[in-house]
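Asks: coordinates only, sequence not included:
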Ligand code: GLA
């Protein structure tokens, strides 16, 4: 299915006749800055800011209403009832207490609307954010009814949390497969795409089962707990007043989110909503945060108050070259290729343009440090042709440069060179066995056809013991589907389930 990426990558799609894919979603989410005080007025203000401050043009398109929009009330037929004062009519002719009002408002700005529920019976917490559970604010027992309702209201995105599911000791893979099927049913009912954001916090290793769960085309799954407890600045609440964000919050979420072998085109690890510009964040911390999230091709749901972003934060969020790394069609996570001294780290990942690498040099130490990059570790032949400093949009010319990175900062580079020659595997087989990745992770580019009309899940088994899954959405007509993925170290076998996938080309690049 074509959505997000069609516009952003029209030029690539035209050039390669590759089928559509979805980059990880970008937008705003209410939780980090508004927690349970969320209401129509707040959402309208944030949507207006997103539409007016250039973020929309940069690709931030979803406005997601998190927990607090509903207090668990249903009518006799099980339909959700919301507080009419929290969600009043916005335009003449609308009824108070109808969530279609806000979805319609968001759409009127050319944006997409997102909503939230829980996979279990109960939701997470009461006002403002850490009280007892919200009883009955989950969708269990009402999956079909609720997702059809969200879709009828006009929502395009749903985040499905796990507080109730965890409390009831449910199995995530089972529950989210049911959620995914209910979402597909809703899509068929209304004809509207409803993107699923799985929020299971990594507690049952979703990176192993979330790709393609319930046959879903493209999804994201949270990999850890919350990056921070929300910071609602308008609350006269002593607890909120003392909350502020540290670099550790950001680095911990990034580290918990690294499951590079599970991530591939259209299926993304979710490192949590972003906190750029929030209380405690400096410009350097914003750079680290932005750099890590774009390198990880993670969902970029900004959780800040968009009406109060500084020009520096806003300009970072809109940095086109950084966002091109995020939106790369491979959508891979980076690999740490070097750590010359503890805390000085070089992260790199392949990009879909031949010979291109995105490189982040992260200095977690307390002092500024020079770094020398061994380009051979990035799978390149010799030294790169060009090096670009993404933050400042300027090229370096040195053939073998030593960079100096300030303490607690991150340098983001786009590097162009020549790929080492890939190993190519014969096409049109149902299994490809014995792919050599003996020197650690390798990256692979798969071109395929899947005429089954369904997402195919291909198992990747490796002698390293890791078994992951590649979800391959259907292709149409003579289109070629493409997936970039990382093979874990060892010898890997791909087995194409029920032979519904025809491999057109598999190239494996050594690093
Ligand atoms: C959980 C999620 C958060 C947020 C809150 C709402 O903690 O992980 O992202 O949705 O619930 O209560």
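Replies: Structure's in. What do you need? Note that this is a predicted model, so its numbers are computed, not measured.

Asks: list the buried ones in stretch 114-134?
Replies: By neighbour count with 16 or more other Cβ atoms under 10 Å, stretch 114-134 contains the buried residues 114-126, 128-129, 133-134. (C-beta placed from N, C-alpha, C; glycine too.)

Asks: next one: it to chain centre, how far?
Replies: 22 Å (Cα atoms, centre = their mean, to the nearest Å).

Asks: so which of the buried residues of stretch 114-134 belong to strands?
Replies: In strands, defined here by DSSP state E, the members of those are 114, 115, 116, 117, 118.

Asks: tell me the contacts of the nearest residue to the second one once chain neighbours are set aside?
Replies: Which is residue 115. Distance criterion Cβ to Cβ, 6 or more residues apart in numbering; nearest residue to residue 115, sequence neighbours excluded, is residue 155 at 4.6 Å. Neighbour list for residue 155: 99, 103, 113, 114, 115, 194 [criterion: Cβ atoms under 8 Å, 6 or more residues apart in numbering].

Asks: can I take it that residue 155 is in a strand?
Replies: No - under DSSP: H, G, I helix; E, B strand; the rest coil, residue 155 falls outside any strand and is assigned coil.

Asks: rewinding a little: and which of the ones in strands among the buried residues of stretch 114-134 is nearest the ligand?
Replies: residue 116 (6.3 Å; Cβ to the nearest ligand atom).

Asks: centre of the chain to the one helix or strand residue 180 maps to, how far?
Replies: If you go by DSSP states H and E, residue 180 is part of helix 172-190. The chain centre lies 19 Å from the centre of helix 172-190; the measure is Cα atoms, centre = their mean.

Asks: contacts for it?
Replies: 119-120, 139, 143-144, 146-148, 150-152, 158, 160, 162, 165, 192-194, 196, 198, 200, 203-204, 206, 209-210, 213-216, 219.

Asks: restricted to helices, list those.
Replies: Within the contacts of helix 172-190, residues falling in helices by DSSP state H are 143, 144, 146, 147, 148, 150, 151, 152, 165, 206, 209.

Asks: which among those residues gets closest to residue 333?
Replies: Nearest to residue 333 out of the ones in helices among the contacts of helix 172-190 is residue 206 (Cβ to Cβ; 14.6 Å).

Asks: contacts only, for the closest one.
Replies: If you count contacts by Cβ under 8 Å, 6+ apart, then residue 206 has 172, 173, 176, 198, 200, 221, 222, 223 around it.

Asks: between those residues, which sits nearest the ligand?
Replies: Among those, and counting by Cβ to the nearest ligand atom, the member closest to the ligand is residue 222, at 6.5 Å.

Asks: where does the closest one fall, phi/psi-wise?
Replies: Backbone geometry at residue 222, expressed as degrees, to the nearest 10, gives phi -70, psi 140.

Asks: which positions in the protein make contact with the ligand?
Replies: Neighbours of the ligand within the chain, by Cβ under 6 Å from any ligand atom: 31, 66, 67, 124, 125, 161, 199, 201, 226.

Asks: least confident pick among those?
Replies: pLDDT across these is lowest for residue 125, at 85.

Asks: what's the spacing between the residue of the stretch 301-450 of the chain found nearest the ligand and residue 269?
Replies: The ligand sits closest to residue 303 of the stretch 301-450 of the chain, with a gap of 8.7 Å, by Cβ to the nearest ligand atom. Counting by Cβ to Cβ, to the nearest Å, the gap from residue 303 to residue 269 is 17 Å.

Asks: in the protein, what spans have low per-residue confidence?
Replies: 1-21, 397-402, 428-430, 438-440, 496-499 (pLDDT under 70).

Asks: now with 80?
Replies: 1-21, 126-128, 130-133, 397-403, 426-434, 436-441, 461-468, 488-492, 494-499, 511 (pLDDT under 80).

Asks: next up, phi/psi of the one residue sitting closest to the centre of it, please.
Replies: By Cα atoms, centre = their mean, the chain has its centre lying nearest to residue 299, at 2.4 Å. Main-chain dihedrals, residue 299, degrees, to the nearest 10: phi -50, psi 140.

Asks: just residue 315 next, same as before
Replies: Residue 315 has phi and psi values of phi -70, psi -30 when expressed as degrees, to the nearest 10.

Asks: now it: how far from residue 242?
Replies: In terms of Cβ to Cβ, residue 315 sits 30 Å off from residue 242.

Asks: who has more neighbours, these two?
Replies: Remark: of residue 315 and residue 242, residue 315 carries more neighbours, 13 against 9, as counted by other Cβ atoms under 10 Å.

Asks: show the contacting residues for the closest residue to residue 260 other than its chain neighbours.
Replies: Closest residue in space to residue 260, ignoring its immediate chain neighbours: residue 333 at 3.9 Å, by Cβ to Cβ, 6+ apart. By Cβ under 8 Å, 6+ apart, residue 333 lies in contact with 257, 258, 259, 260, 263, 269, 295, 296, 297, 349, 486.

Asks: just put these in TSV and tack on secondary structure.
Replies: Shown next, in TSV, are the contacts of residue 333 (three-state DSSP):
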residue	secondary structure
257	coil
258	coil
259	coil
260	coil
263	coil
269	strand
295	helix
296	coil
297	coil
349	strand
486	strand
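
Asks: pick the one among those residues closest to the ligand.
Replies: Comparing these against the ligand with Cβ to the nearest ligand atom places residue 257 closest, at 13.1 Å.

Asks: give me phi/psi at that closest one?
Replies: Note on residue 257: its backbone torsions stand at phi -90, psi 0 [degrees, to the nearest 10].

Asks: just checking, it touches residue 223?
Replies: Yes - counting by Cβ atoms under 8 Å, residue 257 touches residue 223, with 4.1 Å between them.

Asks: now the common contact residues for those two.
Replies: In contact with both residue 257 and residue 223: 269, 270, 271, using Cβ under 8 Å, 6+ apart.

Asks: can I get those in a markdown table with neighbour count?
Replies: Listed next are these as a markdown table, based on neighbours: other Cβ atoms under 10 Å:
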| residue | neighbour count |
| --- | --- |
| 269 | 26 |
| 270 | 28 |
| 271 | 28 |
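
Asks: I'd like to know which of those residues is nearest to residue 320.
Replies: The closest of the shared contacts of residue 257 and residue 223 to residue 320 turns out to be residue 271 (Cβ to Cβ; 21.3 Å).

Asks: grab the nearest non-local neighbour of the closest one.
Replies: In space, residue 271 comes closest to residue 257 once its chain neighbours are excluded; the distance is 3.8 Å by Cβ to Cβ, 6+ apart.

Asks: show the contacting residues for that neighbour.
Replies: If you count contacts by Cβ under 8 Å, 6+ apart, residue 257 has them with 223, 224, 269, 270, 271, 272, 296, 298, 333.

Asks: looking at those residues, which are in strands?
Replies: Using DSSP E, these in strands are 269, 270.
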